[in-house]
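Peer 1: Okay, sequence plus prediction incoming.
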Amino acid sequence: MPKKILIVEDDSFLQGLTASKLSKDGYTILVAGNGEDAVKIADAEKPDFVLLDLVLPAMDGFEVLAKIRKNDALKKIPVIIFSNLAEEKDMIKARDLGANEYMVKSNFTLDELAAKIKEMLK
């Protein structure tokens with residue numbers, strides 16, 4: 001059974017590119033364009049992995065992460081923050097809330113991101 005990855009990204013172009021890449025790698029892809037949908041989908045689908053942007057409409061990624069970590073059924077799911085926010089304070093806040101990894105979008109290619117996800121899902 002393929003692993004399910006929830007991509008939470010409000011930029012539809014980037015969401016599409018990421019979904020296409022990870023889908024080619026054999027994952028089942030779920031997508032959410034805002035924080036509220038992300039929490040609902042995570043709750044309903046119990047993904048194996050969450051790729052989470054921080055700057056989102058309706059509810060930001062920090063809130064989404066906090067809600068995932070408070071939910072017993074979801075709290076062990078690996079979460080990579082994939083964001084343009086590159087400030088140390090954001091990285092610290094994300095780690096404190098339980099992010100497994102923090103990747104700044106401009107510093108990584110989709111191939112590098114896919115390799116990191118594969119490594120974390122082993």
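Peer 2: All right, it came through fine.
Peer 1: Can you give me the end-to-end span of stretch 37-53?
Peer 2: Start-to-end span of stretch 37-53 (Cα to Cα, to the nearest Å) is 13 Å.
Peer 1: how deep is the closest residue to residue 48 other than its chain neighbours tucked in, by neighbour count?
Peer 2: Among residues not flanking residue 48 along the chain, residue 3 sits closest, at 4.1 Å (Cβ to Cβ, 6 or more residues apart in numbering). No exception for glycine: its C-beta is placed from N, CA and C like everyone else's. Other residues near residue 3 come to 15 when the count uses other Cβ atoms under 10 Å.
Peer 1: quick one: contacts for residue 3?
Peer 2: Applying Cβ atoms under 8 Å, 6 or more residues apart in numbering to residue 3 gives the contacts 27, 28, 48, 49, 121.
Peer 1: Dump the residues you listed to JSON lines, plus pLDDT and distance to residue 107.
Peer 2: Formatted as JSON lines, these follow (pLDDT from 0 to 100; distance: Cβ to Cβ, whole Å):
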{"residue": "27", "pLDDT": "98", "distance to residue 107": "22"}
{"residue": "28", "pLDDT": "98", "distance to residue 107": "27"}
{"residue": "48", "pLDDT": "98", "distance to residue 107": "25"}
{"residue": "49", "pLDDT": "98", "distance to residue 107": "20"}
{"residue": "121", "pLDDT": "97", "distance to residue 107": "21"}
